[in-house]
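Got a predicted model here, sequence first, then my questions.
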Amino acid sequence: MEDLMRGNLSLALTSISKANLNVLKVLRGRGSAWIVGGWVRDSLMGVKTEDMDIATTLTPEQIKSIFPRSIMVGASFGTVIIRADSGEFDPEEDMQVTTLRSEDGYLDRRRPERVTFLEGGDGDESILEDLSRRDFTINSMAVDVDGNLIDPYGGLTDLSNGVLKTVGSAERRFSEDGLRVLRAFRFLDAGTSGMREMDESLEAGIRQAGDFLSGVSKERIGVEISKILTGENTHQIVLKMSSLGVLDQVFEGHRIDIPTKLSGNHLVNLALLFRKQNISSGSLSETLRKLLVLSKRELAEISMMHDCRSIKVDSSIESVRRFKALIPEIRRGLILDYLDKAGADLIEFRISLEGLENEEGVISPLIRGDRLAEVTGLGPGPRLGRLKDWLYRKQIERGLKTEEEVLSLLSDFDWVGSNHEDWGELQWP
């Protein structure tokens, strides 16, 4: 397996874009530079990735002088984003470049008190010191100028065996940055290869980590949780998080319930975890805003799904037509995914929806208010408005396409004597 992975890496190295190779060439012409992190890990796994991180002996200021449009996102920690541009030596995609560094004195489980940039030493000395401060062995590998894999902590073997270990003591790694506990669960997910096994010392370190999120920003927590809930093996990983008490810390004691299946969409999964909480969608939105600092759009989608938690699915053609007409396509997928994972039987509903795939219905109302007033003699008011809404509903439910078809419904409907408040409006469900 390790030989196969090395072959994957060699193939990935031959596929690096010319633009990215130029960046490496320029950096290596002024100092030393290595490919590090996720690109190395994913390439060994045979996963194509364009997200390439570089570690270099050059300082942020030196990098900025070579690539003037670079963004100094964390210059004090040695991190610079080289922006994509049309220049001769600019990358095709934004590229993160970090100066080799050592760190010491973590007082708040978040930021080191001291950061020391490492000068280029003999051979691989500086990159080895830099790799020693990283979180997990599978993330602590680098590729040098000759394409050789630098792997001081057995990351390749762990990757091959499907094992997740920390670099050195788990207790020390978590004391440096409590967010690494959550990152551990993200890296348990090996995609289509399944779920990695957590090393005994890593699991013990998590159990002993205590209040590991103290001092970690809610925004950083939200980013990690979103990534965890977007994987291939989310259900198993969430169960593992629950068994180790991690979810209690993330959600600060709020009651959650893990369904028998989870989605590959983090918004659907967050809605599912809170589906049995008897709170309004507004209250759930506010709770998740405080806990995870999600965007307004994300909170709106979760709230929308939470409002669907008690729906009894109606698979009639009328219901399905209303669903198709009223719910934007992107939301249809979220709703159906949510209801499916929540245990609803959607077989007939999906069959009906697929049957309407090529149906070209008229979505806008065919009957205007003034036209309806002319036909019925009704004056402006609630009765006329509700009748217009009722006709619009029937137009959608029956797939009507002409004004004549819609107006013909009036002959079979007691719009004069019945209570207009009982007339159904266009809505779903």
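All right, it came through fine.

In terms of helices and strands, where is Gln96?
In this assignment (DSSP states H and E), Gln96 forms part of strand 95-99.

tell me what that strand is packed against?
Packing partners of strand 95-99 (3 or more Cβ pairs under 8 Å, 6 or more residues apart in numbering; DSSP states H and E): helix 18-30, strand 53-56, helix 60-66, strand 79-82. Yep, even glycine has a C-beta here, placed from its N, CA and C like the rest.

could I get the longest one in PDB with only the CA atoms?
Which is helix 18-30. C-alpha atoms of helix 18-30 as PDB (Å, rounded to 0.1, in the frame of the first residue of the first chain):
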ATOM      1  CA  LYS A  18       3.100  25.300 -14.700                       C
ATOM      2  CA  ALA A  19       2.000  28.400 -12.800                       C
ATOM      3  CA  ASN A  20       2.400  26.700  -9.400                       C
ATOM      4  CA  LEU A  21       5.700  25.200 -10.400                       C
ATOM      5  CA  ASN A  22       6.900  28.700 -11.300                       C
ATOM      6  CA  VAL A  23       6.000  29.900  -7.800                       C
ATOM      7  CA  LEU A  24       8.000  27.100  -6.300                       C
ATOM      8  CA  LYS A  25      10.900  27.800  -8.600                       C
ATOM      9  CA  VAL A  26      11.000  31.500  -7.600                       C
ATOM     10  CA  LEU A  27      10.900  30.700  -3.900                       C
ATOM     11  CA  ARG A  28      13.500  28.100  -4.200                       C
ATOM     12  CA  GLY A  29      15.700  30.500  -6.200                       C
ATOM     13  CA  ARG A  30      15.700  32.800  -3.200                       C
END
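
Okay, buried residues for that helix please.
Ala19, Asn20, Val23, Leu24, Val26, Leu27, Arg28 (16 or more other Cβ atoms under 10 Å).

can you check the third one too?
Under the neighbour-count criterion of 16+ other Cβ under 10 Å, helix 60-66 has Pro60, Ile63, Lys64, Ile66 buried.

Tabulate these (JSON lines), appending distance to Arg6.
Output for the buried residues of helix 60-66, formatted as JSON lines (distance: Cβ to Cβ, whole Å):
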{"residue": "Pro60", "distance to Arg6": "33"}
{"residue": "Ile63", "distance to Arg6": "30"}
{"residue": "Lys64", "distance to Arg6": "35"}
{"residue": "Ile66", "distance to Arg6": "32"}
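
and the residue lying closest to Leu346 once chain neighbours are set aside, how many neighbours?
Nearest residue to Leu346, sequence neighbours excluded (Cβ to Cβ, 6 or more residues apart in numbering): Asp340, at 5.4 Å. Residues near Asp340, counting by other Cβ atoms under 10 Å, number 17.

And the pLDDT at Asp340?
Looking at Asp340, its pLDDT is 97.

So it, which state does it fall into?
Here Asp340 is recorded as helix under DSSP: H, G, I helix; E, B strand; the rest coil.

That one and Leu334 touch, don't they?
No: judged on Cβ atoms under 8 Å, Asp340 makes no contact with Leu334 at a distance of 10.8 Å.

hmm, back to that, make a markdown table from the helices and strands packed on strand 95-99 and add distance to Val246 and mean pLDDT to it.
Listed next are the helices and strands packed on strand 95-99 as a markdown table, based on distance: least, Cβ to Cβ, whole Å; pLDDT from 0 to 100:
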| stretch | distance to Val246 | mean pLDDT |
| --- | --- | --- |
| helix 18-30 | 36 | 89 |
| strand 53-56 | 27 | 93 |
| helix 60-66 | 35 | 91 |
| strand 79-82 | 27 | 90 |
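
follow-up on the earlier one: starting at the chain centroid, how far to the strand holding Gln96?
Put simply, strand 95-99 sits 23 Å off its chain's centre (Cα atoms, centre = their mean, to the nearest Å).

so what strands line up beside it?
With DSSP bridges as the test, strand 95-99 is paired with strand 53-56 (parallel), strand 79-82 (antiparallel).

Convert the first one to PDB, retaining C-alpha atoms only.
Yep, that's strand 53-56 we're talking about. Listed next in PDB are the C-alpha coordinates belonging to strand 53-56 (Å, rounded to 0.1, in the frame of the first residue of the first chain):
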ATOM      1  CA  ASP A  53       0.500  25.000   0.900                       C
ATOM      2  CA  ILE A  54       4.200  25.900   0.800                       C
ATOM      3  CA  ALA A  55       6.700  26.200   3.700                       C
ATOM      4  CA  THR A  56       9.700  28.300   3.100                       C
END
